[in-house]
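1. quick check, what structure comes out for this input:
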Amino acid sequence: MSAIRVFIINEQIYCGETKCPGKSKANTTAGKYCACIQFHLDEHHRHGFNTSQLIEYRLEPNPDAEDKNAPLQKLTIVFSTADVLLLGSNLGLLADKLRENDLASVHVQPKRYSGIDRNAPFVTVVKITPIK
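-> This is a model prediction of the structure:
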């Protein structure tokens, strides 16, 4: 199973394939206004949303977290054209970056990187549901 790995250092968000920022140039950064939020689902699939389409977001405990293998939190991001569901841990940091309009992108990574930094957000599921 793939997961998204996000690093936040000095109030900036870094999203990358394998390494913490400073060790790899393949990471996306944002330290200013972000016009678009991209979800890199894998090497060949990206889905982006203009931040002006953001309607709301909700961070709440994952109701399925009773299972010890289930992610602890659920972050729902509602755009005018689709709903994006993120499951994982430390998602409050992503919600803060979303509120500050500083979330640029997140990248899918193998689950084996889940233990690199327990204080950083870690997303295990991304589900995009278009609104019809």
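
2. going by residue numbers, what spans are helices in the protein?
-> Ranges of helices in the chain, per DSSP state H, are 92-99.

3. below-threshold pLDDT in it: ranges please.
-> Applying pLDDT under 70 to the chain flags residues 1-31, 108-110.

4. please tell me how far the residue nearest the centre of it sits from residue 63.
-> Centroid-nearest residue in the chain, with C-alpha atoms, centre = their mean: residue 106, separated by 4.8 Å. Separation of residue 106 from residue 63 (C-beta to C-beta, to the nearest Å): 23 Å. No exception for glycine: its C-beta is placed from N, CA and C like everyone else's.

5. picking that back up, tell me what the residue nearest to the centre of the chain is bridged to.
-> In this entry, residue 106 is beta-bridged to residue 39, by DSSP bridges.

6. same deal with residue 130?
-> residue 82.

7. close enough to count as contact, it and residue 82?
-> Yes: using C-beta atoms under 8 Å, residue 130 makes contact with residue 82 at a distance of 4.8 Å.
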